[in-house]
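S.K.: Sequence first, predicted coordinates after that:
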Amino acid sequence: MKRLFDIIFSLFCLIFLMPILILLSILILYKLGSPVFFTQVRPGLKGKPFKMIKLRSMTDARDRNGNLLSNAQRMTSFGQFLRSTSLDEIPGFFNVLKGDMCLVGPRPLLMDYLPLFNDFQKRRMEVKPGLTGWTQVNGRNNLTWDEKFELDVWYVDNQSFWLDLKILSMTFKKVLIREGITHENDVAMPRFTGNKD
């Protein structure tokens, strides 16, 4: 039921949001340049790598030596708007259709973090990552890393179709009021340094 719902819901959202996606793609080309999409390899189910796709939200500005500037320096007001409204997440529905992600599940972190996870933290990868999750509707980046892992693993142990519906409805509300919207790779997000306890 979860997979069928993911497919139907994602198809509906992509059809409904396609005009917005086309408009945003044109604006990104004009304001940020090419490419329109940002892809990054993330760990999926059981840590299997997949390419996560989002709308690009930062410029490609570099220093005189050709090195990319910091995230804060490359972030524009337009890019911040895309993130604060979660519009940059629209292409993620393609990841759901492909089967790499679900609508609801722990958000995929960076591949670099995998060697830093302890056994408890690895449990978040017992399910597919999601576009939104229990952590995102219960504090998001106002939480410590330990609190986030606790919530992710709680979802793994308590997942159900009805819980997913509850999380989706809570996500819709939070996106509308832009509550706690900062991404896991945002400029304000501290990096995970590991916890071997």
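M.R.: Received, thanks.
S.K.: so L4, which of the three states?
M.R.: Here L4 is recorded as helix under DSSP: H, G, I helix; E, B strand; the rest coil.
S.K.: least trustworthy helix or strand in this structure by mean pLDDT?
M.R.: Least confident helix or strand, the chain: helix 71-74 with a mean of 82, by mean pLDDT, DSSP states H and E.
S.K.: buried ones in it?
M.R.: Residues of helix 71-74 classed as buried: R74 (neighbour count, 16 or more other CB atoms under 10 Å). All C-beta spots, glycine's among them, are computed from the backbone N, C-alpha and C.
S.K.: Give me the distance from it to the chain's centre.
M.R.: 19 Å (CA atoms, centre = their mean, to the nearest Å).
S.K.: after it, next one along is what?
M.R.: helix 77-84 (DSSP states H and E).
S.K.: Counting by contacts, list what that following helix packs against.
M.R.: The helices and strands touching helix 77-84, judged by 3 or more CB pairs under 8 Å, 6 or more residues apart in numbering; DSSP states H and E, are helix 2-31.
S.K.: Just the buried positions in the helix it packs on, please.
M.R.: Buried residues in helix 2-31, counting neighbours by 16+ other CB under 10 Å, are found at 2, 5-6, 10, 13-14, 21, 24-25, 28.
S.K.: tell me the mean pLDDT for that helix?
M.R.: Summarised as a single mean, pLDDT over helix 2-31 is 95.
S.K.: List the contacts of the very next helix or strand once past it.
M.R.: Toward the C-terminal end, the helix or strand that comes next after helix 2-31 (DSSP H and E) is strand 37-43. Residues outside strand 37-43 that contact it (CB atoms under 8 Å, 6 or more residues apart in numbering): 49-58, 88, 91, 108-111, 114, 125, 129.
S.K.: Looking at the residues you listed, which are in strands?
M.R.: Among the contacts of strand 37-43, the members falling in strands (DSSP state E) are 49-55.
S.K.: and those residues as CSV, adding pLDDT?
M.R.: Listed next are the ones in strands among the contacts of strand 37-43 as CSV, based on pLDDT from 0 to 100:
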residue, pLDDT
P49, 97
F50, 97
K51, 97
M52, 97
I53, 96
K54, 95
L55, 96
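S.K.: still on that earlier bit, select only the buried ones of the contacts of strand 37-43 in ChimeraX?
M.R.: Here is the ChimeraX selection string for the buried members of the contacts of strand 37-43, based on 16+ other CB under 10 Å:
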select :50,52,53,54,55,56,57,58,88,91,108,109,125,129
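S.K.: wait, isn't S57 in contact with S77?
M.R.: No - under the criterion of CB atoms under 8 Å, S57 makes no contact with S77, lying 10.8 Å away.
S.K.: count of neighbours near Q136?
M.R.: Burial measure for Q136: 25 neighbouring residues, criterion other CB atoms under 10 Å.
S.K.: Same check on the one 10 residues further on?
M.R.: For D146, the neighbour count with other CB under 10 Å is 12.
S.K.: Reformat the ones in strands among the contacts of strand 37-43 as CSV; add distance to S34.
M.R.: As requested, the ones in strands among the contacts of strand 37-43 are exported to CSV (distance: CB to CB, whole Å):
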residue, distance to S34
P49, 25
F50, 23
K51, 18
M52, 19
I53, 15
K54, 15
L55, 13
